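J.: Fold the following, please.
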Amino acid sequence: TVTQFNVEFRGTGGYVATEPTRSSNRFTQRQKDLFNNLTPNSFIYIDNIKARGDNGEIRDLAPISFKIR
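T.: Predicted coordinates:
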């Protein structure tokens, strides 16, 4: 189960916004709003992903990136 992550938005013109999610596995309303305003050729990076395994241990997961077309 994911317990936290950061979402970094990189838009055209060098715009960068980082929005953290703490103690949750769901996108925040602010993150959803930023998703809705993305334009083609924007990038999304999800990093600092932490997840709790079946044994209760917290692990770091690899980052994920997306390019909006």
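J.: And the helices in the chain, which stretches?
T.: Secondary structure of the chain (DSSP state H): helices at 29-36.
J.: any idea where the strands of it begin and end?
T.: Listed in chain order, the strands of the chain (DSSP state E) span 2-10, 16-21, 43-52, 58-61, 64-67.
J.: Mind telling me which of those the model trusts least?
T.: Per-segment mean pLDDT for the strands of the chain reaches its minimum on strand 16-21, at a mean of 89.
J.: If you count contacts, what does that strand end up packed against?
T.: strand 2-10, helix 29-36 (3 or more Cβ pairs under 8 Å, 6 or more residues apart in numbering; DSSP states H and E). For glycine as for every other residue, the C-beta is placed from the backbone atoms N, C-alpha and C.
J.: circling back: deepest in the core, which of the strands of the chain is it.
T.: Neighbour counts (mean count of other Cβ atoms under 10 Å) averaged over each of those peak at strand 2-10, with a mean of 18.
J.: Alpha carbons only: can I get stretch 44-62 in PDB?
T.: Extracted C-alpha coordinates of stretch 44-62, given in PDB (Å, rounded to 0.1, in the frame of the first residue of the first chain):
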ATOM      1  CA  ILE A  44       4.700  14.600 -14.700                       C
ATOM      2  CA  TYR A  45       7.100  13.000 -12.300                       C
ATOM      3  CA  ILE A  46       6.000  10.900  -9.300                       C
ATOM      4  CA  ASP A  47       8.800  10.300  -6.900                       C
ATOM      5  CA  ASN A  48       9.600   9.800  -3.200                       C
ATOM      6  CA  ILE A  49       7.100   7.000  -3.400                       C
ATOM      7  CA  LYS A  50       6.900   5.000  -0.100                       C
ATOM      8  CA  ALA A  51       4.800   1.800   0.300                       C
ATOM      9  CA  ARG A  52       4.100  -0.500   3.200                       C
ATOM     10  CA  GLY A  53       4.400  -4.200   2.400                       C
ATOM     11  CA  ASP A  54       2.400  -7.100   3.800                       C
ATOM     12  CA  ASN A  55       5.100  -7.500   6.600                       C
ATOM     13  CA  GLY A  56       4.600  -3.800   7.600                       C
ATOM     14  CA  GLU A  57       8.000  -2.700   6.300                       C
ATOM     15  CA  ILE A  58       8.100   0.600   4.500                       C
ATOM     16  CA  ARG A  59      10.000   0.500   1.100                       C
ATOM     17  CA  ASP A  60      11.000   3.100  -1.400                       C
ATOM     18  CA  LEU A  61       9.600   2.600  -4.900                       C
ATOM     19  CA  ALA A  62      11.100   3.700  -8.200                       C
END
